[in-house]
Every structure is written in structure tokens, then in C-alpha cells.
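Chemist: got a predicted structure here, sequence first:
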Amino acid sequence: MKETEKTDYLIIGNSAAGLSAAEAVRKNDVSGKLTVLSNERYFNYSKPLITYFLAGKLSLDEVNFKDRDFYRSNNIILKTSTEITEIDPDKKIAVSPEGRIFKYSKLLIASGGKPIVPQIKISEGAGRKSGPGNYLNKCEGVFTLTTLDDAIALKKYIKENKTKSAVILGGGLIGLKAAEAFLSIGINITIIELAGTILSASFDKTASEILVGRIKKEGSDILTSTTVTSLIISGGRLKKILLSNGRELECDLLVMAIGVKPDTAFMKDAGIETDNGILVNDRMQTNAEGVYSAGDVVKSYDRLSGVFKNIAIWPLAVKQGTIAGRNMSGEDVRYNGGFFMNSVEILGIPVISIGFSSADENGGSGKTPAFAENIEIHKTLNIQSGIYKKIVIKDNRIIGVILLGAIERAGIYSGLITGEIDISEIKENILKDDFGIIQLPEDYRKHLVVGEGIEV
Amino acid sequence: MKRIYIDEQYCIGCRLCEVYCQVKHSKSKKILKAFKKEQKDILSRVLVEEIGHNSFAIQCRHCSDAPCIEACISGAMTKNYNTGVVICNEEKCVGCWSCIMVCPYGVIKRSLASRKAASKCDLCYDEDIPVCVKNCPNEALKFKDA
């Protein structure tokens, strides 16, 4: 038995992009039927907050980013625990595994990302009979950490097993956020990173070394240039892990924190173009008529590299969702691109990284000679106060920032990147403690005046 | 909506706006008590920038498309669409500092006193005129409609 529900706007995804789109639709169309689908059971929660929940800093009632009234006041029909496994853009329908059919006029795919789970061999028992398999379901003690349910399960496991230590596979931002949560509840950690340094993608060697020092000071360990090759389980439970460098570690809790990738598997036969992410134009429209996409699932325009990339960060999900929602409801607005940025506190050290933050005078690893042309690096390091600041400049424009220990007024730099402002006349001031609006190039200061009431 | 406008040429850099802002956002609301007992806990949400004789006071612009609201992961930063005021609910704020990362004016601060939370101008929503404007001796700040 198949039931068909008709809706004017169907939004797959109940997070940053999806709800921003819903809100934007409602600014143009107050009465059209608007349905938001979530494959999870919660009325909403903020994914970046799940490590705060894990650390006990927030309760389950505090991880939402929109209150219940948001759905009421915006007249949004929310269907939780509703998965979509098929989309047919010709018939304009989305179908759940149970056969529920949603017929839409406009569809937004804002299904987000899912964790990258590497293939790892499992060895069972003393004889170590081994074989491949889905170890996430096969053995207890291995977790991903991207959903609230993951965090709840992890917390329950820690409590039940009185876990005292954890291994985190992946030394990127996700791994470090997990690490911080564990340390704050008294769990020792070992981070395992395939690259030569942790945080190599979003920071540089200096920043990484400072953070490594801080993590090690907490009694935790960081193992680089290696990875997990085998899980040794007993009675369905993780006991040990084997590393590619030959080491063997006792381990009853392993967290997979390698990264996330766009969740597009469910739309395989839909004819919607994907390439490691859904492809969209600057109206956040896919190649299928009436189908839009936004957030962690898309490849969107990266202003700094000039190419389409999957940049899975909250502020861009909101921005893209808003553009998609406005276009779905009759406007014609364009997404002018974004760039990577992240703000995180690691063991009390606030750190912000923006754009090409890991670049050096020679460009940096994996960078072309063309990229290295006209690159300038400005940096200051004060070991005593624990402050490191770095600005990467190319052709007199800021393209990368690291602020560690002191992040005050960081947004002035992102504003200069967004505005592609020529900073040649203010370079010598750019890292001064008192750097502010007053030093900015006069034209840009005037630009800040427009519409927002600054007459400087 | 009414906003604060800056008249740079009249700013004499006296920083009275900062003082009144701190007192207004203190617990005691009394200048001496606030500065004796709470000084470390209360941040001025207005910021005087100064180079030589050139100075001006700047606070949250309460942007129409506020980047801080887009970047907020906890739903703490919201805009009241009736008044246009952008407010940070410090109870809901988790101190991730994403707002600081994106505010092009650099007018959001880290408050670390009782709990970590973003601290910014609330346009003194419970006053007729924001205290920084009211107490500027040289009318370098004005509160008026756009």
C-alpha cells in the first residue's frame, strides 16, 4: 500500500541548509505547503554541538538550534525518522523505503554528509581468523561521531564499560573536537593520523606543534604517519588494534574521525549530476528541473581557489540554503561563493583558520608554482603568551589566516577576503595588536559604511 | 529601525561610551561598584579605535544580513525582526567563536567571566537611547532612523 503526500516544497534535511531554506521560502510564500524530512528522530539538533553533548556541557534538551516554535511560526510540516531512498525528478516524487511517496513542486536536497569509514580487517579470537566486513555493526567499541545518536551511543558505551581511554582515528578538526570532549570527561586519548602532522589540512606546522604540545601535556598521545590496519575482537568486542607501523595497541574504544563526504547514495538513479557532491549552479539548482541542493552535500563555488568544491561548514550551509529557498519561492538570487573557515577551541586554546591557511612562502605541499607566485606570509609567534598569527597574502589580497591563542577581531580578515580588498597599503599593520577598522584602506572603510550606517 | 551612526570627526577618544556601556551591562549598574568588583567580568560592547588624533567608536551594526547569525551553530545569535536588533542569547551560546570569525567589523568579544559566551552590543533594547550615544559628550554617536 502506497500513500502519496503532496507538498509544494519538499526539503530533505532538517539541519542548517534545510531549515535556512525553509525560512527563506516562508519570506516569499506564507501559504504554500512546506514539508521538511529528517531521517533522524529529533525535532532538530546542531551537528557541531554533539561533542558538547558528549563532554556533558549540553544536555539533550540543549543541542537544538531552532526551537519548536520555529516550525509552528513558519508553518513547516516536519516528518522525523523519514528516510528517502529514491528520487524521480521526472515524476517529481521522493520515495521512502516503506513506499511512502512525497510529490513535490520544488525539491531541496540538503541531506548533508556522512562519515568516511575506511575498510579495516577484523581478526577474531586467538587463532586470528580474519576477514573483511562491516565492523561498525560487527563489533562493539567502534564508533563514528557525526550524529546525535552516535554521541548518545558513545556516551552509553563509556558509562557501561567505565572506559578510561580512547583511540581516535583521524587528526583533523573532527578528531580534535572528539579529543577535546573525551579529555574533558577524563578519558585519555591516542590520536592516529596518516599524515606527518595533525591538522595538516587546516593549519600549518607551527600551529600544529603548539596544539600537539597542549594535547600531550594532558597525557595523551599522538601517533603520526600511521593508520589502523586491523581490529582484533573477542566476543564481538574490540580488544586491540594493529597499526601499519607494526605496533599493537590495547583498545576498547575506537572513534572513526577521518572526515565526512556528501551523502548522495540514495539518489543514484535520479539522474541528478554528482561528482563527489551534488553539482549546482549559482542559483543552487541541480541539472534536474525543480530540484535544488545546498549544504554539506553539494559542491559549491570556492572563491579562493576558483573551483567548485565540497566545503562542509555551517555558515556556507546557511548561506546556500537561504539562496536555494529564495529561488525555490520565486526570487532570482545568486550564490557568489564562499571559502573554508573554522573556529574551534582545543583544550582552552581558541583557534581560527581561514582559506589557504597552511600555505608557506613556496606555496606549500600540493600547490602549483603558479600558486606560489606573489605569495607573502606575515606571521608572529609568541611562545610565552601562546599566541600565533599568520596571514597568507597573494597578489596583495588575503587568502589565508591562522589565529591561535588570540582570535579577537578575526572577522575583519574574513571581511577583507570576501571583499577581495587590496591590502598593500596596510600590510605592515595587519598583525599589530591594535589592528582594526581604523587602519583599513579608506575605500573599504567607506564600503562598510553603505547601508549599515558607519560614517568614518 | 533606529541605529547608531558614527560621526568620526566629533570623536575625541574620551572612551566614555566604553565606560557607560560597561556600567550598563554590569550587575550593580553603579560605576564605582562595577569597576571595583566586576571590572574583569564586564566587557564594553562598544570599541574605541584610535590612531593619533583620529578616533571613532564602533559597535555592532545590527546588519540586515548578519554573518554572525549565519555562522552561529547553537541558535544563540538571532535577529528580532520587529526591532532589527541582533542579540546573542548568552545562555544558549557555547563559545565556539564562529561569530567572531565572520563579523567584518570585529565588534564581537569573547566573554570568559562566568561562562564562555559571545558579548556584543544589544542596542540597549531596554533604554530609549543606547547609553553610549546618550553619554557621548561631543555627539560623535547618533541614534536615528536610517
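Modeler: Noted; the coordinates are in hand.

Chemist: for the stretch 1-150 of chain A, which residues are neighbours of chain B?
Modeler: A:46, A:48-49, A:52, A:57-58, A:62, A:64-67 (CB under 8 Å from any CB of the partner chain). To be clear about C-beta, it is placed using only N, CA and C from the backbone, and glycine gets the same treatment.

Chemist: so A:Glu345: helix, strand or coil?
Modeler: Following DSSP: H, G, I helix; E, B strand; the rest coil, the label given to A:Glu345 is strand.

Chemist: quick revisit: what subset of the residues of the stretch 1-150 of chain A next to chain B is buried?
Modeler: A:46, A:48-49, A:52, A:57-58, A:62, A:64-66 (16 or more other CB atoms under 10 Å in any protein chain shown).

Chemist: restricted to helices, list the residues you listed.
Modeler: Among those, the members found in helices (DSSP state H) are A:Tyr52.

Chemist: can I get the buried ones among the residues of the stretch 1-150 of chain A next to chain B in a markdown table including pLDDT?
Modeler: Output for these, formatted as a markdown table (pLDDT from 0 to 100):
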| residue | pLDDT |
| --- | --- |
| A:Ser46 | 98 |
| A:Pro48 | 96 |
| A:Leu49 | 97 |
| A:Tyr52 | 96 |
| A:Lys57 | 95 |
| A:Leu58 | 97 |
| A:Glu62 | 97 |
| A:Asn64 | 97 |
| A:Phe65 | 98 |
| A:Lys66 | 97 |
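
Chemist: okay, the buried ones among the residues of the stretch 1-150 of chain A next to chain B in a markdown table with distance to A:Gly170 next?
Modeler: Below are these laid out as a markdown table (distance: CB to CB, whole Å):
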| residue | distance to A:Gly170 |
| --- | --- |
| A:Ser46 | 21 |
| A:Pro48 | 16 |
| A:Leu49 | 19 |
| A:Tyr52 | 19 |
| A:Lys57 | 22 |
| A:Leu58 | 23 |
| A:Glu62 | 27 |
| A:Asn64 | 27 |
| A:Phe65 | 25 |
| A:Lys66 | 29 |
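
Chemist: okay, now residue 119: neighbour count?
Modeler: Going with chain A. Residues contacting A:Gln119 under the criterion other CB atoms under 10 Å in any protein chain shown number 8.

Chemist: that was the other one, I meant chain B.
Modeler: Neighbours of B:Ser119 (other CB under 10 Å): 20.

Chemist: OK, contacts around A:Ile77?
Modeler: By CB atoms under 8 Å, 6 or more residues apart in numbering or on different chains, the contact set of A:Ile77 is A:7, A:33-36.

Chemist: who touches the lowest-mean-pLDDT helix or strand in chain B?
Modeler: Scoring the helices and strands of chain B by mean pLDDT, DSSP states H and E places helix B:31-37 at the bottom, with a mean of 86. The contact list for helix B:31-37 (CB under 8 Å, 6+ apart) reads B:19, B:22-23, B:26-28, B:42.

Chemist: can you tell me which two in those are farthest apart?
Modeler: In the contacts of helix B:31-37, the most distant members under the criterion CB to CB are B:Val19 and B:Lys27, with 16.0 Å between them.

Chemist: quick one, which of those two is more surrounded?
Modeler: For B:Val19 versus B:Lys27, neighbours defined as other CB under 10 Å are more numerous around B:Val19 (18 against 11).

Chemist: so that one belongs to a helix, correct?
Modeler: Yes - membership of B:Val19 in a helix is supported by three-state DSSP.

Chemist: Serialize the contacts of helix B:31-37 to TSV and add fields for secondary structure, pLDDT and distance to A:Thr80.
Modeler: Converted to TSV, the contacts of helix B:31-37 look like this (DSSP: H, G, I helix; E, B strand; the rest coil; pLDDT from 0 to 100; distance: CB to CB, whole Å):
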residue	secondary structure	pLDDT	distance to A:Thr80
B:Val19	helix	95	50
B:Gln22	helix	94	45
B:Val23	helix	94	47
B:Ser26	coil	91	44
B:Lys27	coil	88	41
B:Ser28	coil	89	46
B:Ile42	coil	84	42
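
Chemist: just the buried ones from the residues you listed, in PyMOL syntax?
Modeler: Command for PyMOL that selects the buried part of those, burial taken from 16+ other CB under 10 Å:
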select buried, chain B and resi 19+22+23+26+42
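
Chemist: can you put the contacts of helix B:31-37 in a markdown table and add distance to A:Val401?
Modeler: Formatted as a markdown table, these follow (distance: CB to CB, whole Å):
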| residue | distance to A:Val401 |
| --- | --- |
| B:Val19 | 32 |
| B:Gln22 | 30 |
| B:Val23 | 35 |
| B:Ser26 | 34 |
| B:Lys27 | 36 |
| B:Ser28 | 39 |
| B:Ile42 | 29 |
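
Chemist: show me where the stretch 1-150 of chain A has its strands.
Modeler: With strands called from DSSP state E, counting those that start in this stretch, the stretch 1-150 of chain A shows them at A:4-12, A:34-37, A:76-79, A:86-88, A:93-95, A:101-109, A:113-115, A:121-124, A:129-131, A:142-144.

Chemist: out of these, deepest packed?
Modeler: strand A:34-37 (a mean of 25; mean count of other CB atoms under 10 Å in any protein chain shown).

Chemist: show me where chain B has its strands.
Modeler: B:2-7, B:47-51, B:54-58, B:77-79, B:86-88, B:109-111, B:117-119, B:141-145 (DSSP state E).

Chemist: quick revisit: of all the buried ones among the residues of the stretch 1-150 of chain A next to chain B, which comes closest to A:Phe203?
Modeler: A:Pro48 (18.2 Å).

Chemist: you'd agree the closest one is up against B:Cys96?
Modeler: Yes - contact status for A:Pro48 versus B:Cys96: in contact at 7.0 Å, counting by CB atoms under 8 Å.

Chemist: what does the pLDDT read for residue 61?
Modeler: You didn't say which chain, so I picked chain A. As predicted, A:Asp61 sits at a pLDDT of 95.

Chemist: nope, chain B
Modeler: 92.

Chemist: quick one on the thing from earlier: and the least confident helix or strand of chain B, how far out from the chain middle?
Modeler: Relative to its parent chain, helix B:31-37 has a centroid offset of 19 Å by CA atoms, centre = their mean, to the nearest Å.

Chemist: and it, which residues are buried?
Modeler: B:Ala34.

Chemist: still on that earlier bit, intersection of neighbour lists for A:Pro48 and B:Cys96?
Modeler: Listed as contacting both A:Pro48 and B:Cys96 by CB under 8 Å, 6+ apart are B:Ile73.

Chemist: now do the helix or strand hosting A:Lys389: which elements does it pack against?
Modeler: Using DSSP states H and E, A:Lys389 falls within strand A:387-394. Counting contacts by 3 or more CB pairs under 8 Å, 6 or more residues apart in numbering or on different chains; DSSP states H and E, strand A:387-394 is packed against helix A:205-217, strand A:375-382, strand A:397-404.

Chemist: contacts for the second one?
Modeler: Yep, that's strand A:375-382 we're talking about. With CB under 8 Å, 6+ apart, strand A:375-382 has contacts from A:206, A:359-363, A:387-394, A:427, A:430-431.

Chemist: run through the bridge partners of the closest residue in space to A:Leu231 that isn't next to it in sequence.
Modeler: The shortest distance from A:Leu231 to any non-neighbouring residue, by CB to CB, 6 or more residues apart in numbering or on different chains, is to A:Ile122 (5.0 Å). On DSSP bridges, the residues paired with A:Ile122 through beta bridges are A:Gly131, A:Leu231.

Chemist: re earlier: find the one among the helices and strands packed on strand A:387-394 with the highest mean neighbour count.
Modeler: The highest average neighbour count among those, using mean count of other CB under 10 Å, belongs to strand A:397-404 at a mean of 24.

Chemist: quickly run through the sheet partners of that one, with directions.
Modeler: Strand A:397-404 is paired, per DSSP bridges, with strand A:349-355 (antiparallel), strand A:387-394 (antiparallel).

Chemist: show me what contacts the residue in the stretch 51-200 of chain A positioned nearest to chain B?
Modeler: The nearest approach of the stretch 51-200 of chain A to chain B comes at A:Phe65, 3.6 Å away (CB to the nearest CB). For A:Phe65, the contact set (CB under 8 Å, 6+ apart) comprises A:16, A:44-46, A:49, B:72-75.
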